[in-house]
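Asker: How does the following fold in three dimensions:
(4 chains)
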Number of protein chains: 2
Amino acid sequence: MQMKTGVEQSVYAVLLLNMLPDKAVLHSEVISGQIGASPTYFQKLLRKLVSADLITSVPGVKGGFKLKKDPEDIRVYDIYVAIEGQQSLYSPSGILNDVLELEYDDRCCVLGGLMEEAEESWKAVLKRETIASLAEQVESDRFVHHVTDLKKWVEENMVV
Amino acid sequence: MQMKTGVEQSVYAVLLLNMLPDKAVLHSEVISGQIGASPTYFQKLLRKLVSADLITSVPGVKGGFKLKKDPEDIRVYDIYVAIEGQQSLYSPSGILNDVLELEYDDRCCVLGGLMEEAEESWKAVLKRETIASLAEQVESDRFVHHVTDLKKWVEENMVV
DNA sequence: ATAATCCGGATAATTATTATCCGGTTTAAT
DNA sequence: ATTAAACCGGATAATAATTATCCGGATTAT
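Answerer: Below you'll find the model as predicted:
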């Protein structure tokens, strides 16, 4: 049981897109190159972020990706759901129902309630943090000098 | 990202073992049969529970498994860790470190802190519930009549 | 027109999980 | 003692999930 690496990669991709000036886009291969992900697969991840309305894609030459929402409105949770999907961490297999020989009406799951709560608790933390708040951390004194390099890189590689 | 079904199966197995009178044991194939799991693989899961000191195995003919601890002292979390292992849901791949070209000293992970907190939050819920409290739920009025059947089944299939 | 990009479907490669098998050790019963 | 029935643990196979690739189509700046 491990979170897909795609979630982490996507978060960093969105952080990169957040450094773009208005109207500018970043080519998918440029992003995946910087992140060190497989270009073709990473494009699939970007598509999921597009479907989730977190980023926008512009087709054609000089095309690429950019944020669709303000960074304050993109929660880490949104990215998590976009990539991992809606399905919960725990899918009750109804073992106890069989064990107890329950009729359909009586079906319940002792673990279900607990697991649901655990998952909500996990998600709640992911809902708290946004791309804006993450970006703020990255901008902290400690890294500010590296970040300016990164922003330079973004400006050199962005389109339009 | 989905919890192993082995965790759920193990929880129910422990609930069954909890119905055993003192000194009695349950044969692994009897348990896996009731739960509907593959016998050989399920034995591996039982081994993990043994390694985690949650249950005891007695070898030889008339052997089997029984609880090692009181049900109050077995948390769902313990079973989760026994089966899934210690590794966290999120393993930082250090993408941002590369992106920011950080020196080894400076290495950190913006997501790491958040993910760690999320996971702790999830685990906290699993730590709350014990086998004893789960058993209590199962004993509730609603199911008590089925449970007596189940206990009868346990008595018929237990050894010594 | 052309080239560069996104798009989406099919498919393959890799990895994680689940499942099986087999030879070994322990123990109750004969 | 011998035997049969269980656990033990290592090797291995089958299955499922994740990651990665490929290709033909649609879109757009030049």
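
Asker: all helices for chain A, in order.
Answerer: For chain A, applying DSSP state H gives helices covering A:5-17, A:28-35, A:39-51, A:76-84, A:95-100, A:110-128, A:131-138, A:141-157.

Asker: Let me know which of those helices is tucked in deepest.
Answerer: By mean neighbour count, with neighbours taken as mean count of other CB atoms under 10 Å in any protein chain shown, helix A:5-17 ranks first of those at a mean of 23. C-betas here are computed from N, CA, C, even on glycine.

Asker: which helices and strands does it pack with?
Answerer: Packed against helix A:5-17, as judged by 3 or more CB pairs under 8 Å, 6 or more residues apart in numbering or on different chains; DSSP states H and E, are the following elements: helix A:28-35, helix A:39-51, strand A:64-67, helix A:76-84, helix A:131-138, helix B:95-100.

Asker: Point out the residues in chain A that sit beside DNA strand D.
Answerer: Residues of chain A lying near DNA strand D by CB under 7 Å from any atom of the strand: A:4-6, A:37-42, A:44, A:58-63.

Asker: Now with 10 Å, please.
Answerer: A:1-9, A:32, A:36-45, A:58-63, A:83-85, A:87, A:91, A:159-160 (CB under 10 Å from any atom of the strand).

Asker: What ranges in chain A fall below the confidence cut-off?
Answerer: Along chain A, the model assigns pLDDT under 70 to residues A:99-107, A:141.

Asker: interface residues of it facing DNA strand C?
Answerer: Selection of chain A residues close to DNA strand C by CB under 10 Å from any atom of the strand yields A:1-2, A:5, A:25-32, A:39-41, A:43-44, A:46-51, A:55-65, A:93, A:159.

Asker: run the last query once more with 7 Å
Answerer: So chain A meets DNA strand C at A:1-2, A:27-29, A:43, A:46-47, A:50, A:57-65 (CB under 7 Å from any atom of the strand).

Asker: mind listing what the residue nearest to the spatial centre of chain A touches?
Answerer: Central residue of chain A (CA atoms, centre = their mean): A:Ile79, 2.4 Å from the mean position. By CB atoms under 8 Å, 6 or more residues apart in numbering or on different chains, the contact list for A:Ile79 reads A:7, A:10-11, A:14, A:49, A:52, A:54.

Asker: Quick one: those as TSV, columns for distance to B:Glu129 too.
Answerer: Compiled in TSV, these are given as follows (distance: CB to CB, whole Å):
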residue	distance to B:Glu129
A:Val7	27
A:Ser10	33
A:Val11	31
A:Val14	36
A:Leu49	36
A:Ala52	33
A:Leu54	35
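
Asker: tally of neighbours for A:Glu139?
Answerer: Per other CB atoms under 10 Å in any protein chain shown, the neighbour tally for A:Glu139 reads 12.

Asker: From DNA strand C, how far out is the residue nearest to A:Thr5 when sequence neighbours are not counted?
Answerer: Leaving aside its sequence neighbours, A:Thr5 sits nearest to B:Ser93 (CB to CB, 6 or more residues apart in numbering or on different chains; 5.9 Å). Separation of B:Ser93 from DNA strand C (CB to the nearest atom of the strand, to the nearest Å): 12 Å.

Asker: residue of chain A with the smallest distance to DNA strand D?
Answerer: A:Gly60 (2.3 Å; CB to the nearest atom of the strand).
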